[in-house]
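K.L.:
No sequence on hand, only this structure:
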């Protein structure tokens, strides 16, 4: 059985995944540009409320993941990390699945996903705080860019998890 920190991280991961899925899937029906419209729908208000919940969760989840120096695993850009990433990429070219855990390509994808989650949350909060100002449309554009990056990294994360499952089944 995992430690309390592991259980907390797992619960946060599930909650982040479910809330992001809902926010992303319902976003085509969100009608906010310069400000929350006077005739805002329940989807608009739900997006704002759940968006703030995800923003808080993004900070606490990132802190949980980074506890005790674990951030080095998620952003393996020093020590042997770059070498491990290069080996994983080379292995992919030769048809080998990178290993999960430790410094490497899959960990880097997770770290970039955490950063994209924080960027998406920060730009969404900035949009809300600055609504009605001259800069709000720029923050909305950055929020859309951050969401697109988040979605791309979610897809890569799902591919990595799927490959890891394939590796487990093979063994």
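P.N.:
All right, it came through fine. Values in this document were obtained by computation on a predicted structure and should not be read as measured data.
K.L.:
Could you pull out the buried residues of the strand or helix carrying residue 65?
P.N.:
Taking DSSP states H and E as the criterion, residue 65 maps to helix 42-66. Buried residues in helix 42-66, counted by 16 or more other Cβ atoms under 10 Å: 44, 47-48, 50-51, 54-55, 57-58, 61-62, 64-66. From N, CA and C alone the C-beta is placed, and that goes for glycine too.
K.L.:
After that helix, heading C-terminal, what element do we hit next?
P.N.:
Following helix 42-66 toward the C-terminus (DSSP H and E): helix 71-74.
K.L.:
and which of the buried residues of helix 42-66 is nearest to residue 171?
P.N.:
When the buried residues of helix 42-66 are ranked by distance to residue 171 (Cβ to Cβ), residue 65 comes first, at 26.2 Å.
K.L.:
Just to check, that closest one is in contact with residue 114?
P.N.:
Yes - shown here, residue 65 and residue 114 form a contact pair, counting by Cβ atoms under 8 Å, at 6.3 Å.
K.L.:
Next, show the common contact partners of the two.
P.N.:
residue 74 (Cβ atoms under 8 Å, 6 or more residues apart in numbering).
K.L.:
Next, format the buried residues of helix 42-66 as CSV and append distance to residue 145 and pLDDT.
P.N.:
Converted to CSV, these look like this (distance: Cβ to Cβ, whole Å; pLDDT from 0 to 100):
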residue, distance to residue 145, pLDDT
44, 21, 96
47, 17, 97
48, 19, 97
50, 20, 98
51, 16, 98
54, 17, 98
55, 17, 98
57, 21, 98
58, 17, 98
61, 21, 97
62, 20, 96
64, 26, 95
65, 23, 92
66, 24, 92
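K.L.:
How about residue 64: what's its closest non-neighbour residue?
P.N.:
In this structure, residue 64 finds its nearest non-sequential neighbour in residue 9, 4.9 Å apart by Cβ to Cβ, 6 or more residues apart in numbering.
K.L.:
An error on my part: the question was meant for residue 12.
P.N.:
residue 61 (4.2 Å).
K.L.:
Surely the one you found touches residue 9?
P.N.:
Yes - Residue 61 is in contact with residue 9 according to Cβ under 8 Å; the separation is 7.4 Å.
K.L.:
tell me what the helix or strand of the chain with the lowest mean pLDDT is packed against?
P.N.:
Using mean pLDDT, DSSP states H and E, helix 71-74 stands out as the lowest-scoring helix or strand of the chain, at a mean of 86. Contacts defined by 3 or more Cβ pairs under 8 Å, 6 or more residues apart in numbering; DSSP states H and E place helix 71-74 against helix 42-66, helix 105-129.
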